[in-house]
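S.K.: Curious how this folds, go ahead:
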Amino acid sequence: MREFAAAAAQGSYVAMVRSQVDRFAGRDDILVTGRGTLTSAELVSREAALIDTAIGRIGEKVAQPDTRVIDRAITGSDRPLTADQAVAVRPVAGSGNGVDVVRDGGVRDGGVQGVHGGDLA
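M.R.: Numbering: from 1, shown residues only. The predicted structure is shown next:
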């Protein structure tokens, strides 16, 4: 609704904006997310393709910088990381995977588990 209202730079009637929102929300290609927001089937399809591509790159061992390069990037950043973030970043930055899963709990054998993040499933 906010976007429709903002698009009406010269103003619009509330009823008109609500009507536009209702028409948009009623489209067959519009989906309601688990959080109650709206998205499109096309966007979900594109996101799924990105995830599939990233998962397909696991184990490729590409872009594996030397640990000294990773350490310099972490310590030389103008936006310092917390200790927990640095612990999560080091193995991810050097893994060579197309994607690594970062979750609460620190780093464990067999995969990265960091302070912030979610799951792919």
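S.K.: What lies in contact with stretch 35-45?
M.R.: F24, A25, D29, I30, L31, V32, T33 (CB atoms under 8 Å, 6 or more residues apart in numbering). Glycine gets a C-beta too; all of them are placed from N, C-alpha and C.
S.K.: could I get those residues as a markdown table with distance to A88?
M.R.: Listed next are those as a markdown table, based on distance: CB to CB, whole Å:
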| residue | distance to A88 |
| --- | --- |
| F24 | 39 |
| A25 | 38 |
| D29 | 37 |
| I30 | 35 |
| L31 | 31 |
| V32 | 32 |
| T33 | 26 |
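S.K.: Name the single longest helix found in the protein.
M.R.: Counting residues, the longest helix found in the chain (DSSP state H) is helix 41-56.
S.K.: which is the next helix or strand following that one?
M.R.: As assigned by DSSP states H and E, the chain's next helix or strand after helix 41-56 is helix 67-75.
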